[in-house]
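K.L.:
Fold the following.
(one chain, ligands or ions: 1)
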Amino acid sequence: MNVALLGFGTVGYGVYEILRKTPDIKVSYVLDLKKHDDIEAISVTDIDPILNDKSVDTVIELIGGLQPAKKFVTAALEAGKNVVTANKFLICESFTELSKKAKEKNVYLRYTAAVGGGIPWLINLSRLSRLSPPDKISGIFNGTTNYILDSMESEKAEFDVALKAAQDLGFAEADPSADIDGLDTLRKIVISANIAFGGVFDSNDTDLFGIRRIKKADIEAAESLGLVCRLLGTAEKTESGASIFVEPAFLDKNSPFAAVKKNFNRISISTPLDENLGFYGAGAGRYPTAFTVVNDCLDIKSGSLEAYSSSFEEKCVDNSKISHKYYVRCPIADAWLSSVTEKSVGEGVITKEIPVSEMHKNAKRLLNESDELFFAEIKVGV
Ligand code: HSE
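P.N.:
Below you'll find the model as predicted:
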């Protein structure tokens, strides 16, 4: 196997190090913004030499972000090269287009590291979905936010200090807004839903609320209820398609999600046959992600792969049928919030059960009046 590596950052360098010790895989090119004189591979800043070199059979894209990654991946597939990527933004946005292009060109498109980092989650999800399509997937998909929430809870760390530590450890996205606003989790749950439910969901139709506005008072409110805060992505099958949303959740201390510390991820899947399976591991970081990328290369090399999913029917998101109780901290008086409030806790309130779509719609409205809002679903017994 003759590989070109696009991107030489945290994960890219990890992949390069592992591949140098992997028999029968040669890294011929490294593409980066700047030239590297100290590597054995040919260092380039332009994709054309890679596309024109017929001996390169596989391109590993680890640049991240939508562009120029999409342009490069599309050109590589078009040139008849396999593509391995860890780019959840790219796969979430261009799921159908890139999957169809790979099929048309009879090459592999592998993106196991895009969801769950070091956990071979997507491979197992696609295997499970063949025999017993899931009813529900729920999980901690983002290492940075889990690191922040765990540090705020266990070490009483300030939000900014915990975020900086996650950035220094190389977990966070180049723009950490994608982590703390929940977009990274959203992209991962949408990709998982596409595979699980055999269709394609539009991330713009989902509901999303991250942890940017969380304060110590919220962690303390969860503690006073005997609960722990985690950021969850959820996809649940409905008659018309699926309910898909990302939001903080207050969970029982004995929930398997509450036990997830540092940058680790945990994804649960419920299927009619296997009531509840859990997948746990490092969801971010150089070597866990790099090993998954290299394993995708080895799977291509062994040539016995099926596509993760082969159905590209557009499916609907409907978050009006799933309801929860919520913890809401809102510094302004609001008639809707009063009408759904059951009791007070710390600086916030607990609501009666309300549909996910209603909570998110009102949160958007309230955020226009005050940037201080925070909410979390109350998820006990899970
Ligand atoms: N920023 C991501 C995370 C990297 O923290 O999980 C892995 O996708």
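
K.L.:
Up against the ligand, what does this structure have?
P.N.:
Residues of the chain lying close to the ligand (C-beta under 6 Å from any ligand atom) are G117, N142, G143, T144, F171, A172, E173, D179, D184, G283, A284. In this view, the C-beta of every residue, glycine as well, is placed from N, C-alpha and C.

K.L.:
Just confirm the fifth one is within a strand.
P.N.:
No. Counting by DSSP: H, G, I helix; E, B strand; the rest coil, F171 is not part of a strand but coil.

K.L.:
Tell me how far it lies from K81.
P.N.:
Distance of F171 to K81, given as C-beta to C-beta, to the nearest Å: 30 Å.

K.L.:
Repeat that for the fourth one.
P.N.:
The span separating T144 from K81 equals 31 Å under the rule C-beta to C-beta.

K.L.:
what number of residues lie near I180?
P.N.:
24 (other C-beta atoms under 10 Å).

K.L.:
Assign a three-state SS to the closest residue to it other than its chain neighbours, would you?
P.N.:
Leaving aside its sequence neighbours, I180 sits nearest to R212 (C-beta to C-beta, 6 or more residues apart in numbering; 4.7 Å). R212 carries the three-state label coil when classified by three-state DSSP.

K.L.:
which residues does R212 contact?
P.N.:
By C-beta atoms under 8 Å, 6 or more residues apart in numbering, the contact list for R212 reads S177, I180, D181.

K.L.:
try it again with 10 Å
P.N.:
T145, F159, L163, P176, S177, D179, I180, D181, G182, D371, F374 (C-beta atoms under 10 Å, 6 or more residues apart in numbering).

K.L.:
per-residue confidence at it?
P.N.:
For R212, the pLDDT comes out at 97.

K.L.:
What ranges does the stretch 1-150 of the chain have for its helices?
P.N.:
With DSSP state H, counting those that start in this stretch, the ranges of helices along the stretch 1-150 of the chain come out as 10-20, 48-52, 69-78, 88-93, 95-105, 121-131, 143-154.

K.L.:
Pull stretch 305-319 out as CSV, backbone CA atoms only.
P.N.:
Provided in CSV are the C-alpha atoms of stretch 305-319 (Å, rounded to 0.1, in the frame of the first residue of the first chain):
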residue,chain,number,x,y,z
LEU,A,305,-14.8,-4.5,3.5
GLU,A,306,-18.4,-3.6,3.0
ALA,A,307,-19.6,0.0,2.9
TYR,A,308,-20.8,1.2,6.4
SER,A,309,-24.1,1.9,4.8
SER,A,310,-25.7,1.7,1.4
SER,A,311,-29.0,3.5,1.8
PHE,A,312,-29.0,7.2,0.9
GLU,A,313,-32.8,7.9,1.3
GLU,A,314,-33.3,11.3,2.9
LYS,A,315,-35.0,10.9,6.3
CYS,A,316,-36.8,13.3,8.6
VAL,A,317,-35.8,14.5,12.0
ASP,A,318,-38.7,15.0,14.5
ASN,A,319,-37.9,16.0,18.1
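
K.L.:
sorry, back to before: look up phi and psi at the residue nearest to I180.
P.N.:
phi -50, psi -40 (degrees, to the nearest 10).

K.L.:
hang on, the earlier thing: which of T144 and K81 has more neighbours?
P.N.:
The residue with more neighbours, out of T144 and K81, is T144; 27 against 23, by other C-beta under 10 Å.

K.L.:
The contacts of R212 in strands, which ones?
P.N.:
Under the assignment DSSP state E, the contacts of R212 contribute F374 to strands.

K.L.:
Give me the buried subset of the contacts of R212.
P.N.:
Among those, those classed as buried by neighbour count (16 or more other C-beta atoms under 10 Å) are T145, F159, L163, P176, D179, I180, D181, G182, F374.

K.L.:
Name whatever forms a beta bridge with the last one.
P.N.:
Right, F374. R329 (DSSP bridges).

K.L.:
Check whether it really touches F250, as I assumed.
P.N.:
No. When contacts are counted by C-beta atoms under 10 Å, F374 is not listed as touching F250 (11.3 Å).

K.L.:
Find the residues that touch each one of those two.
P.N.:
D218, A221, C229, Y327.
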